[in-house]
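Colleague: Sequence below, structure please.
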Amino acid sequence: MKNLNQFTDEELVKLYEKGNNGAFEILLLRYKSKVYSYIYLIVRNKELTEDIFQDTFIKAIATIQQGRYIESGKFLGWINRIAHNLIIDHFRREKNENTYSANDFEYDIINNTKLSEKSFEETLSNEQVLNDVVRLIDFLPESQRSVVRMRFFEDLSFKEIAEKTDVSINTALGRMRYALLNMRRIAIENDVYLEIK
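Modeller: Numbering: from 1, shown residues only. The predicted structure is shown next:
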């Protein structure tokens, strides 16, 4: 039998469904840094990233064990969608609390050399921009929203998006273009500043 590392993501999921815990460990090793980075890029808080990261894999485990995993050919895209939904849930819970405590960003400012060169105000501003971008996606029409999610959160090419949505590549590109224009328009109408410093 071949080494577990040589199996595809889909094969590993099937093995894990049948009780092979080592198969999930391989998937975790394969994608943990990408999923962690994806979450951190949006929430910019080490403790919150770790919480959402753990919740993401717990939810993935539960979904696979319940036989509810739908093979899409992109395990990373699937797991990032789980993370994305958990991030959105977090922001929805927090949306009434728009105050930031310096403690929330202590780790970033002291230990992250890229952030230490920026002022505290710039760091806060960048986090707000990323949070706003995630929220703006929800205001797009479904066809545009799905293209943005597939491109940025599932890392699909426009060719893959076109195949998945049963449209031409030009239509997929057009939807992305209109999505970006709409997000910019919505941001301007709502005085949301979308420039990372």
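
Colleague: So, low pLDDT: which residues of the chain?
Modeller: 1, 95-133, 190-197 (pLDDT under 70).

Colleague: mind listing what the residue nearest to residue 159 when sequence neighbours are not counted touches?
Modeller: Nearest residue to residue 159 in three dimensions, chain neighbours excluded: residue 169, at 6.0 Å (C-beta to C-beta, 6 or more residues apart in numbering). (Glycine included, C-beta is placed from N, CA and C.) Each residue near residue 169 by C-beta atoms under 8 Å, 6 or more residues apart in numbering is listed here: 158, 159, 162.

Colleague: What segments of this protein are helices?
Modeller: With helices called from DSSP state H, the chain shows them at 9-17, 21-43, 46-65, 75-94, 106-111, 113-116, 120-137, 142-148, 158-165, 169-189.

Colleague: May I see the buried residues of the first one?
Modeller: Applying a neighbour-count criterion of 16 or more other C-beta atoms under 10 Å, one finds 9, 12, 13, 14, 15, 16 buried in helix 9-17.

Colleague: contacting residues around that helix?
Modeller: Residues contacting helix 9-17 (C-beta under 8 Å, 6+ apart): 4, 7, 23-24, 26-27, 30, 64-65, 67, 69, 71, 73-76.

Colleague: do the same with the second one
Modeller: Under the criterion C-beta under 8 Å, 6+ apart, residues 4-5, 7, 9, 12-13, 15-16, 46, 49, 52-53, 56-57, 61, 64, 75-76, 79-80, 83, 87, 90, 127, 130-131, 134, 153 lie in contact with helix 21-43.

Colleague: Quick check on these: which are buried?
Modeller: 4, 7, 9, 12-13, 15-16, 46, 49, 52-53, 56-57, 64, 75-76, 79-80, 83, 87, 90, 127, 130-131, 134, 153.

Colleague: How far off centre is stretch 155-174?
Modeller: On the basis of C-alpha atoms, centre = their mean, to the nearest Å, stretch 155-174 sits 19 Å off its chain's mean C-alpha point.
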